[in-house]
Every structure is written in C-alpha cells, then in structure tokens.
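Undergrad: Structure of the sequence below:
(4 chains)
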There are 2 protein chains.
Amino acid sequence: MTTEQAGTESRILEAAKVIFYEKGMGGARMEEIAEAAGINKAMLHYYFRSKEKLFQRIFIEAIQQLAPQFARILQVDEPFKDKLTHFVDFYVDMLLERPYMPLFVLSALQQNPDAFFEELFSHLRMPVQASVQQVFTQLQAMMDLGEIRRMDPRHLITNLMSMLVFPFVASPLITKVLGADPDTYKQFLLERKKVVADFMLHALRPE
Amino acid sequence: MTTEQAGTESRILEAAKVIFYEKGMGGARMEEIAEAAGINKAMLHYYFRSKEKLFQRIFIEAIQQLAPQFARILQVDEPFKDKLTHFVDFYVDMLLERPYMPLFVLSALQQNPDAFFEELFSHLRMPVQASVQQVFTQLQAMMDLGEIRRMDPRHLITNLMSMLVFPFVASPLITKVLGADPDTYKQFLLERKKVVADFMLHALRPE
DNA sequence: ACTTGTTTTAACCGTTTGGTTAATTCAACT
DNA sequence: AGTTGAATTAACCAAACGGTTAAAACAAGT
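TA: Have a look, this model is predicted:
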C-alpha cells in the first residue's frame, strides 16, 4: 500500500533531530531538513503538517528519554551505594549516546511560551514528579537510619543531576578551557561515572 | 554634536540583550529588537552594521562576565574553606542578577560554527586557562598538605561549576519537577550558596 | 484495464526577513 | 543664515521563509 522506501518518515525524523539539536527551533530551516533527509520540502508538510508539529515530535522524544528513570533502579533492593553507582553508570552511558539532547531540551524550554509546553509536559509531569517524590522518601529514610548525612533531598538530587548533566551541556566551553580535544573530552566524561559516584558518597557519608 | 537622547546605543544593547537571551540568535528578529528599543529598524543597522555584529557584542559581554574570576579570590591569603565560600557567594550572586546568561552562552557556543568563536575567544582564552591552571596548582598543593582529599582537579572544578551553574541553566525544568513557583525557586537558588559550599567541603574532607 | 488511495514532485504564494537607500531632522559651529 | 556631520525616518528590495496546490507516479485490489 505504500511506496515509502526505507521509511521516509523515520529518515525525516533522523534528519530533523540532527538539525533541530544543532540549531534549535528558530535556527532550523525546513528546506535544510528536507535536503538532509534526501526529499522534497513538500514531503515534510505531507508527513508532519508544520514545522511546529515536527519540532514537538522531536522534543517529546528527547524529554522522554532524558527524564531520569529513577523508578527502575529504585525498585531493586540493594544498598544506597549500589543504587547510586548503577544510576550514574546508566545515565552517563545514555548521555554519551545523546550528548546534544540536554542542551536542546533546556534551550527549547526557555525559548518557548509556557502554554506550548504545558500540554507536552502533561504526558510525563505526573509520573516524573511522583518518582522524584519516591526518591526523596527513600533518601529521608536513609538519613533517618544514619546511612547518609542529613540534607535537603531537593539539593541532593540537584547536585547529582548537575554534576551528571552539566558537563554535556557545557562541553564546548569546558573542552576549550581544559584545552582538550574531543577524544580527551570523551574520556573525561567517561571518568565522571566513577568521579561523581565517589564524590556523592564522600559528601554524604555521615559525620 | 549628537541628538541621541538617553543613549540610543545603550538602549539598543539593553533591548537586544533581553531578546537574544530569550530567543537566541536564530529566533530573535531585528524588528523586534528595534521595537523593544523604541526605535526604527534602520537604526539598528546604523549603530551596529548587522545582526551578527550586534549578536557578537552581546555575546562577548556575556562571556566576559561569566568567565569565573578566580584570580581575585585566589589572591587573598585565607584558608581553603573561606576561599570556597567567598567564591560560591560571589558567583551565585552574580548569576542571580543574570539568570539567563549561562544558557544563552552555552546555546550560542553550540549553535555557531567554530571559526566564528575562535576569534572571540582569543580575547579571554589565555587568561582564563592561566587562571584555571593556577587554581589547579593551588588545589594540588592543598592535597599534598592533606588539607583536602586527593582527586583530579579538573573534575573537582567541574563538579563545583556544575552545581553552581546548572540550576540556572535548567531552571524551567527543575521548577516544574519540584512543583515550585518562581519565588520559591529563587529561594532555592539562594540556599545553594550554603548547600554547595557545605557539599564541597564534605566531599573533600580527608578520609 | 480501471479504480482507489497513498506517496512524490515541481511550481507557486504570501509573508517575513535582514539589510539598504535617499531624503530629512537635528545640533553645533561659523 | 548657512554649513557640516551625525542621528533618524519611511519607503523600499531581494532573498529566504513556511506553507500550499495541482498534478503526476505508484502500488494494490478488482
């Protein structure tokens, strides 16, 4: 029933992802995306009605992958140290495969009017907030048991996510400041698995 | 010799800053900037020849203010704890006055071709790299003395800067995840002065 | 062979964009 | 009053933009 060789739609999505990640909603040009996908500009509007629709599609996919899936790792019954290590490993690996995603999402969130995103967020705000609350509760429990030092769980998670995500968001800057080449910097990012886990554990060990 | 009431040039710069910060180079429109500055669109090209020139001007100013001025704080001869506290206080206060600057700079860095920025960076790359090296040396010295735990200084500084800057870069996201309103979030950011300093000190205390 | 519904193309359209031009206003000096 | 050089405006321009249209190509069923 379809001509559609090698998945025109998915080729469009791949091309759009690359260009939107690189230039954002404002900087991306529809014709550029079409060309990168090896098709006509009109085809874009045939598959996705407008630039905004196409952008939304890319954005939703991105934010769903970035939303930390605490849930999975939390379920496993293991010591805090192991949970932390597993989460850090998992998250750094995921970011290494999608290094441009965080900055893309954060830029989009700031550049677009609220109303636009309120709807998109409804898909995952509740689950995310719920799973964050779950993490908070678990952390409180461990503080009560004296396993980790007492501190505001919001700041604890913020510290963790900052140290994990920021080096990806700021990679061009940090690369230049450190005078590193791309390979060295990738190595640096890999090292952060161990570094961040250790740093957290040291910061949280009871006094 | 001039008509120029109340500094047309500076009014343009103010307007351009607001709009570029909000929408980036791609999303900003020259007429929008002109209107925000209360002038004609042609005036923009009279004062700054092109959109790119205007953008560069804003960008340079931003990156110069963001480049952490370790130098000043390092000179003072005081214990590590105090140096850290002073730097964190200083940097958070500065970011609170310019909350949109970091994301603006990081987006610009990724969206623009390298050649464009190589030139801009030449103004401050050397001093920044030098002052970072100075920090590394000081940190090494303190590790040798056993004042702080031994770890890669690059990761140490990355952790510090991540925890400081990321909550500003990700403010729309974190605000939503925490279910906070803008005022609550500003309070949260203020709290980070103490939180980040404490967190660093705990993470770095010798075993 | 004919119909039907989907996929693809080329050409086109109205609007917006960054940028220019030529003429005007203005302030200061002579 | 006239000159000069900078500040300002309105009108304009070509290019780029997102999006549309009408017609063609294609695949599948009958």
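Undergrad: can you map out the helices along chain A?
TA: Ranges of helices within chain A are A:8-27, A:30-36, A:41-47, A:51-66, A:70-75, A:80-97, A:101-111, A:114-121, A:125-144, A:153-169, A:171-178, A:182-204, based on DSSP state H.
Undergrad: could you dump those helices to TSV with mean pLDDT, distance to DNA strand C and mean neighbour count?
TA: For every residue, glycine as well, the C-beta is placed using N, CA and C. Shown next, in TSV, are the helices of chain A (pLDDT from 0 to 100; distance: least, C-beta to the nearest atom of the strand, whole Å; neighbours: other C-beta atoms under 10 Å in any protein chain shown):
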stretch	mean pLDDT	distance to DNA strand C	mean neighbour count
helix A:8-27	95	4	18
helix A:30-36	97	9	17
helix A:41-47	96	3	15
helix A:51-66	93	12	17
helix A:70-75	80	35	14
helix A:80-97	96	28	17
helix A:101-111	95	14	23
helix A:114-121	70	17	13
helix A:125-144	89	31	15
helix A:153-169	98	26	23
helix A:171-178	93	24	20
helix A:182-204	98	31	17
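Undergrad: List the residues that contact A:Gly24.
TA: Counting by C-beta atoms under 8 Å, 6 or more residues apart in numbering or on different chains, A:Gly24 touches A:Phe104, A:Ser107, A:Ala108, A:Gln111, B:Gly24, B:Gly26, B:Gly27, B:Ser107, B:Gln111.
Undergrad: Now for those residues: which two are most distant?
TA: The largest separation in the contacts of A:Gly24, counting by C-beta to C-beta, is between A:Phe104 and B:Gly27 at 13.8 Å.
Undergrad: Using a markdown table, lay out the contacts of A:Gly24 together with distance to B:Ala16.
TA: Listed next are the contacts of A:Gly24 as a markdown table, based on distance: C-beta to C-beta, whole Å:
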| residue | distance to B:Ala16 |
| --- | --- |
| A:Phe104 | 24 |
| A:Ser107 | 18 |
| A:Ala108 | 22 |
| A:Gln111 | 16 |
| B:Gly24 | 12 |
| B:Gly26 | 14 |
| B:Gly27 | 13 |
| B:Ser107 | 16 |
| B:Gln111 | 17 |
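Undergrad: So which of those residues is the closest to B:Ala141?
TA: Nearest to B:Ala141 out of those is B:Ser107 (C-beta to C-beta; 36.7 Å).
Undergrad: Hmm, A:Phe59 is touching A:Leu120, no?
TA: Yes - using C-beta atoms under 8 Å as the test, A:Phe59 is close enough to A:Leu120 to be in contact (6.8 Å).
Undergrad: joint contacts of these two?
TA: Counting by C-beta under 8 Å, 6+ apart, A:Phe59 and A:Leu120 have no common neighbour.
Undergrad: ok, A:Glu9 touching A:Tyr46?
TA: No - in this structure, A:Glu9 is not within contact of A:Tyr46 by C-beta under 8 Å, at 9.9 Å.
Undergrad: Which residue, other than its chain neighbours, is closest to A:Val135?
TA: A:Phe70 (5.2 Å; C-beta to C-beta, 6 or more residues apart in numbering or on different chains).
Undergrad: Give me the distance between the nearest residue to A:Val88 once chain neighbours are set aside and B:Ser131.
TA: Leaving out its chain neighbours, the residue that sits closest to A:Val88 by C-beta to C-beta, 6+ apart is A:Ala197, at 4.8 Å. Separation of A:Ala197 from B:Ser131 (C-beta to C-beta, to the nearest Å): 29 Å.
Undergrad: Identify the residues contacting the residue positioned nearest the centre of chain A.
TA: Per C-alpha atoms, centre = their mean, the C-alpha nearest to the average position across chain A is that of A:Leu66, at 3.0 Å. When contacts are counted by C-beta under 8 Å, 6+ apart, A:Leu66 touches A:Arg98, A:Met101, A:Pro102, A:Val105.
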